[in-house]
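[1] pasting the sequence and the predicted model now:
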Amino acid sequence: MAKIDLPKVSIIIPVYNGGKYMREAIDSAISQTYENLEVVVVNDGSTDDGETDKIAKSYGNKIKYFAKKNGGVSTALNVAINNSTGKYISWLSHDDVYYHDKIEKQIEHLASLDDTDNIILFGDYDLIDEKSKLIAKAIKPHEEIEEKPEYALLRGHINGITLLIPKKAFDTCGLFDEKLRCTQDYELWQRMSKKYRFVHMAGIYSKSRQHSQQVSVTNPKVITEGDKFWTDLLEDITDESKIGLEGSVYKYYKEMSKFLLDTPYDKTRQFCEKKIEKLEKEANNNVNNIKVSVIIPFYNRKNIVINAIKSVTEQTHKNLEIIVINDGSKEDISSVKEYIKANSKITYIDLETNKGVANARNIGIEKSTGKYIAFLDSDDLFKENKIKDQVIQMELNNSAVSHTSYLRKGLDTTIIMHSGILNGKAIPRIIYSCGIATPTVMIRKDILNDSKYRFNTDLTIGEDTCFWLELLRNNDILGIDEPWTIVNVNNESAAYNNSKQILGIKAIIKYIMNDKDYIKYDYEISLLFKIFIDLLTIKKDIKSNDEEIVIYPPIGYCPNCIDMLNSRSWKITKPLRRCGDFIRYLKKHGLIKTLKKIFFKIRWKITGRK
């Protein structure tokens, strides 16, 4: 492409006492592979006995050089912009460096985009020290920024030296605020963001130098200016946009508070925390107006279901309806009826025949009238604060579906199951390992009404996981890492019963393999199949005379799985699977632990000693 066809770019370099670094900066500008450019250097009243002036003048007509009285970097940048003739402006600080193809790559990328006149490009960069040695790579989360462009500013992803700005943006939005000494760049980006799109371009084409003489280190206004700017920035957005970014206004301030922990702007973080406290107080005051429906199906178990019901009636949250469903019990349940008959909050439903928990829960969903629905199995219990605290969190986070951690109690042990750490887009994890316990779940009723999602009544086990997969197809899940439910287990519980696990996984596999959305999760499905195969050949350890004997009894039979394991393609690809296992283990545990594992495995193969 001929030079005349390429837009002119002005690289502007403000300098103050730049003798130590400015030559490297200017050299990187004039040696760009992009030809149609000019380099504008502005000396902001340096006090280094003319050294800056001497270096700048040594470049002759290779640069446009201006000298002025000291007024701060904003004034120097504005002089440079006003004396630039390029269609685009690229800022280079005198102590930073461009890679030789910075401008060329950005112009090429810009040409590939639509509406280029209204785009400001920014990118990744290297961090270097005083001797130009690489410290780290600052690579920004490209997909996140594309999904939420506001994060370019709100997460501090923009470094001025990576920008390519249409010059007309300065005509439209104004120049740098000369009263500011530390936040003049982000204050201008904030103004520009209202009329221009900041677009992240992946790739490193600039070097940002870290040293002790930077303004961010030496200027006492860094904190005061910064606190004011960040407070103004996070409030310069509508509540609707806050909800769009994080799902709720509450979560917006929570996420901003987390981000600010790694910054010096304590006053802005405290501002966020006050907002959070105010929203929590409002939610706590309003929670009593919110009705919750609790669905409790039971089959026999007359002695323990009363305890489950009691754990709901004793909740601190009183705006409840309790739907108790007798799923065709065979034993005398008159004691249950007697217990609940005097409680006006309890709706009792008698089913003539046992059709399974999925059917009973669906009937409960249809009968419920609360804003939220919670489920409780007949042998489990709610802690007294469970419903109130979970509703508050759902209101604060504007969540449609939530679940919590829980206490798993039984077989002489009580374990905290931190399942509540599963949060957000949970589908991939649920496919191969669903840790969601049904009694911990709370769902907003309107999404069940709108979607018509219900438990699959054809399944006797695995119906809950399939329901979560259906429900979370278009919804994120709020995870709350608090054990507000007690889940009682025994030898017949799915968590400890191999045969039930096999049946459950088979149901999930069938559901996933017949779903056009979920069939694409190849890696997660492969993990699920691996678990399934392991369950089919479960190990039973028997100790005798201090020696361990390992037996592999066939628990079930899966002809397709056995055929796959014996197939030629499975055997041929075994080395590739082993390599994949090795790489994953190496990434997770590091080289030393990986080598130790290999050593002990080889020793066991040779000697039989573990």
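    Looks like it arrived, so ask away. Residues are numbered from 1 along each chain as shown.
[2] residue 42 reaches residue 74, doesn't it?
    No: between residue 42 and residue 74 there is no contact, the gap being 11.2 Å when judged by C-beta atoms under 8 Å. Placement of C-beta: from N, CA and C, glycine included.
[3] higher neighbour count, the two?
    residue 42 (26 against 21; other C-beta atoms under 10 Å).
[4] where does that one fall, helix, sheet strand or coil?
    Classification of residue 42 by DSSP: H, G, I helix; E, B strand; the rest coil places it in strand.
[5] repeat for residue 470
    Going by three-state DSSP: residue 470 is helix.
[6] what's the local residue count around it?
    Neighbours around residue 470, by other C-beta under 10 Å: 17.
[7] can you pull the phi/psi pair for residue 10?
    Backbone torsions for residue 10, taken as degrees, to the nearest 10, come to phi -100, psi 120.
[8] identify the bridge partners of it.
    Under DSSP bridges, the beta-bridge partners of residue 10 are residue 38, residue 89.
[9] if I look at it, how far off is residue 198?
    20 Å (C-beta to C-beta, to the nearest Å).
[10] repeat for residue 297
    53 Å.
[11] so the two - more neighbours on which side?
    Shown here are residue 297 and residue 198; by other C-beta under 10 Å, residue 297 has more neighbours (25 against 21).
[12] and the strands in the stretch 451-600 of the chain?
    478-488, 540-544, 547-551 (DSSP state E, counting those that start in this stretch).
[13] and if you look at the stretch 101-250 of the chain?
    Using DSSP E, counting those that start in this stretch, strands in the stretch 101-250 of the chain cover 119-128, 134-138, 165-166, 197-209.
[14] for the first one, buried residues please.
    This means strand 119-128. For strand 119-128, burial by neighbour count (16 or more other C-beta atoms under 10 Å) applies to 119-126, 128.
[15] just the CA atoms of stretch 183-193, as CSV, please.
    The C-alpha coordinates for stretch 183-193 follow below in CSV (Å, rounded to 0.1, in the frame of the first residue of the first chain):
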residue,chain,number,x,y,z
THR,A,183,-5.4,11.5,37.0
GLN,A,184,-5.5,13.7,33.9
ASP,A,185,-5.3,10.7,31.6
TYR,A,186,-8.2,8.7,33.1
GLU,A,187,-10.3,11.8,33.5
LEU,A,188,-10.0,12.4,29.8
TRP,A,189,-10.6,8.7,28.9
GLN,A,190,-13.8,8.9,31.0
ARG,A,191,-15.0,11.9,29.0
MET,A,192,-14.1,10.2,25.7
SER,A,193,-15.9,7.0,26.7
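[16] where does the protein have low pLDDT?
    1-5, 213-219, 494-496, 537-574, 576-577, 580-581, 584-585, 588, 596-597, 599-610 (pLDDT under 70).
[17] which residue ranges make up the domains of it?
    Per the record, the chain has its domains at 3-219, 233-283, 290-496, 498-561, 573-610, by automatic domain parsing.
[18] I'd like these as TSV, with distance to residue 226 appended.
    Formatted as TSV, the domains of the chain follow (distance: least, C-beta to C-beta, whole Å):
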stretch	distance to residue 226
domain 3-219	6
domain 233-283	5
domain 290-496	28
domain 498-561	43
domain 573-610	37
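[19] do you know which of the strands of the stretch 101-250 of the chain lies nearest residue 188?
    strand 165-166 (9.4 Å; C-beta to C-beta).
[20] so what's the residue count around the residue nearest to residue 491 when sequence neighbours are not counted?
    Of all residues not flanking residue 491 in the chain, residue 497 sits nearest, at 7.0 Å (C-beta to C-beta, 6 or more residues apart in numbering). Residue 497 has 16 neighbouring residues, counting by other C-beta under 10 Å.
[21] got the buried residues of strand 119-128 as CSV, with distance to residue 445 columns?
    Formatted as CSV, these follow (distance: C-beta to C-beta, whole Å):
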residue, distance to residue 445
119, 44
120, 45
121, 46
122, 44
123, 46
124, 45
125, 49
126, 52
128, 56
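[22] and those residues, which is closest to residue 19?
    residue 128 (18.0 Å).
[23] so the closest one bridges to which residues?
    Beta-bridge partners of residue 128, as defined by DSSP bridges: residue 134, residue 209.
[24] please renumber so the chain begins at 259
    Understood, numbering begins at 259; the last thing we discussed is residue 386.
[25] please report the distance of the residue nearest to the spatial centre of the chain from residue 737.
    What sits nearest the mean C-alpha location of the chain, by C-alpha atoms, centre = their mean, is residue 682, with 6.9 Å. Shown here: residue 682 relative to residue 737, a distance of 8 Å by C-beta to C-beta.
[26] residue 526 too?
    Applying C-beta to C-beta to residue 526 and residue 737 gives a distance of 27 Å.
[27] again, but for residue 302
    52 Å.
[28] now do residue 844
    In terms of C-beta to C-beta, residue 844 sits 29 Å off from residue 737.
[29] helices of the stretch 709-858 of the chain, residue ranges please.
    Assigned by DSSP state H, counting those that start in this stretch, the stretch 709-858 of the chain shows helices spanning 721-729, 756-771, 780-794, 817-824, 826-830, 832-865.
[30] do the same with the stretch 359-508 of the chain
    Using DSSP H, counting those that start in this stretch, helices in the stretch 359-508 of the chain cover 360-369, 400-405, 409-412, 426-431, 442-450, 473-476, 479-493, 497-504, 507-518.
[31] between residue 844 and residue 737, who's got more neighbours?
    More neighbours surround residue 737 than the other of residue 844 and residue 737, with 23 against 14 (other C-beta under 10 Å).
[32] who is the more buried one paired with across the strands?
    Assigned bridge partners for residue 737, using DSSP bridges, are residue 661.
[33] mind listing what it touches?
    660-662, 677-682, 684 (C-beta atoms under 8 Å, 6 or more residues apart in numbering).
[34] out of those residues, list just those in strands.
    Residues of the contacts of residue 737 located in strands (DSSP state E): 660-662.
[35] need those in a markdown table with neighbour count, can you?
    Formatted as a markdown table, the ones in strands among the contacts of residue 737 follow (neighbours: other C-beta atoms under 10 Å):
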| residue | neighbour count |
| --- | --- |
| 660 | 24 |
| 661 | 26 |
| 662 | 27 |
